[in-house]
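Colleague: this is the structure alone, sequence omitted:
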């Protein structure tokens, strides 16, 4: 009589392999997140050498955060500053990176030395943000090279760091310069993962480069673009080091460069150690990040849960 074979279940190995991630996620992210939300409902700060609280105040920290001061709600202004500087850097970054990715992966152009170019465009990503910030602060200072050139041409100087739009543009350009190489590498990897037979079929059908890009490359690259856009958004909302150094932590001129994380740092990084207000700001940033990420996701997918697909090859020549 044959013995029944015992079925071997490998499902437990999946749980074993993901256990380290779950442990790290719970300890380092989930518990701190819950603690932040909890602390946002308490009054807890330093008043000189005296500790005030923790005292439960409910939503008072959020009410204080959104109470107008001098006719303005600071947290909304800081959110606007953050989004504006992110958009000014992210949109050119995506366009420029996509253009480079298409050029470097083009079989028609067949550019030589791609490894060298990949290394060169990625190198700015390896430089510390503080070093970039100090470099550009020196370049655009009143006695810097840029102002010396302007003075030689017009016999006047321009104080870049007293003009809100100029300062924002410098911050946005630094972020663009630091991250466009990383974005280019990701988009190149996405394009190289597309089935090359699709491009060959389109070429046989008589599609030109523009038609191939908009009807094959771009739709099939949408999942990678979605990832890049959302991660860029999350990074942009956490913008801190560049504007902090460029403006010496003041967010000037006219607080036009004060970001959400800089405002958070003022609560928990100052002598007051106001953990209640810091928690409230953190929760607001979390909500804004989640809402904007969902908007970006919904705007880049079709049918609710399916990424936009490439159109038929025959449609590329119409």
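Modeller: Looks like it arrived, so ask away. No experiment lies behind these values; they were computed from the predicted model shown.
Colleague: helix, strand or coil for residue 43?
Modeller: With DSSP: H, G, I helix; E, B strand; the rest coil as the basis, residue 43 sits in strand.
Colleague: going forward, begin numbering at 524 instead of 1
Modeller: Got it, the first residue is 524 from now on, which makes the last one we talked about residue 566.
Colleague: hmm, it is touching residue 799, no?
Modeller: Yes: using Cβ atoms under 8 Å, residue 566 makes contact with residue 799 at a distance of 5.2 Å. (Glycine included, C-beta is placed from N, CA and C.)
Colleague: which residues do those two both contact?
Modeller: 576, 577, 580, 584 (Cβ atoms under 8 Å, 6 or more residues apart in numbering).
Colleague: list the residue ranges of this protein that fall below the pLDDT cut-off.
Modeller: 524-532, 793-794, 825-841 (pLDDT under 70).
Colleague: ok, back up a step: residue 566 and residue 799: who's more crowded?
Modeller: The neighbour comparison of residue 566 against residue 799 (other Cβ atoms under 10 Å) goes to residue 799, with 24 against 17.
Colleague: ok, so what distance separates the more buried one from residue 568?
Modeller: Using Cβ to Cβ, to the nearest Å, residue 799 is found at 7 Å from residue 568.
Colleague: shared neighbours of these two, anything?
Modeller: With Cβ under 8 Å, 6+ apart, residue 799 and residue 568 have common neighbours residue 576.
Colleague: show me where the chain has strands.
Modeller: Per DSSP state E, the chain carries strands over the ranges 565-570, 573-579, 824-825, 829-830.
Colleague: now the ones you listed as TSV including distance to residue 645?
Modeller: Listed next are these as TSV, based on distance: least, Cβ to Cβ, whole Å:
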stretch	distance to residue 645
strand 565-570	43
strand 573-579	46
strand 824-825	29
strand 829-830	26
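Colleague: contact partners for the spatially closest residue to residue 641 that is not a sequence neighbour?
Modeller: In space, and not counting its chain neighbours, residue 641 is closest to residue 708: 6.3 Å by Cβ to Cβ, 6 or more residues apart in numbering. Contacts of residue 708 were listed using Cβ under 8 Å, 6+ apart, and they are 641, 644, 645.
Colleague: burial count for the nearest residue to the last one once chain neighbours are set aside?
Modeller: To tie it back to what came earlier, the one meant is residue 645. Spatially, and ignoring its direct neighbours in sequence, residue 645 is nearest to residue 704 (4.1 Å; Cβ to Cβ, 6+ apart). By other Cβ under 10 Å, the residues close to residue 704 number 22.
Colleague: now the one 3 residues further on
Modeller: Per other Cβ under 10 Å, the neighbour tally for residue 707 reads 23.
Colleague: what's the closest non-adjacent residue to it?
Modeller: residue 620 (4.2 Å).
Colleague: pretty sure the one you found contacts residue 706?
Modeller: Yes: between residue 620 and residue 706 there is a contact at 4.0 Å, judged by Cβ under 8 Å.
Colleague: the two: which is more packed in?
Modeller: Between residue 620 and residue 706, residue 706 has the larger neighbour count (other Cβ under 10 Å), namely 26 against 23.
Colleague: from residue 613, how far off is that one?
Modeller: 9 Å.
Colleague: overlap in contacts of those two?
Modeller: Residues touching both residue 706 and residue 613 by Cβ under 8 Å, 6+ apart: residue 755.
Colleague: list the contacts of residue 609.
Modeller: For residue 609, the contacting residues are 695, 698, 755, 756, 759, 760, 762, by Cβ under 8 Å, 6+ apart.
Colleague: rewinding a little: which of the shared contacts of residue 566 and residue 799 has the largest number of neighbours?
Modeller: Neighbour counts for the shared contacts of residue 566 and residue 799 peak at residue 584, which has 24 neighbours (criterion: other Cβ under 10 Å).
Colleague: phi and psi next, for residue 635.
Modeller: Main-chain dihedrals, residue 635, degrees, to the nearest 10: phi -90, psi 160.
Colleague: residues contacting stretch 679-698, please?
Modeller: With contact meaning Cβ under 8 Å, 6+ apart, stretch 679-698 is reached by 604, 607-609, 611-613, 616, 652, 655-656, 659-660, 663-665, 669-670, 673-674, 759, 762, 765-766, 769-770, 775-777, 779-780.
Colleague: now the terminal residues of that stretch, how far apart.
Modeller: End-to-end span of stretch 679-698 (Cα to Cα, to the nearest Å): 29 Å.
Colleague: where's the nearest residue to residue 791 once chain neighbours are set aside relative to residue 550, distance?
Modeller: Excluding the flanking residues, the one nearest residue 791 by Cβ to Cβ, 6+ apart is residue 801, at 3.9 Å. According to Cβ to Cβ, residue 801 and residue 550 sit 21 Å apart.
Colleague: with neighbour numbers in mind, choose between the two.
Modeller: Using other Cβ under 10 Å, the more surrounded residue of residue 801 and residue 550 is residue 801, with 25 against 10.
Colleague: that one is in contact with residue 787, isn't it?
Modeller: Yes: using Cβ under 8 Å, residue 801 is in contact with residue 787, at 5.9 Å.
Colleague: nothing else from me, thank you.
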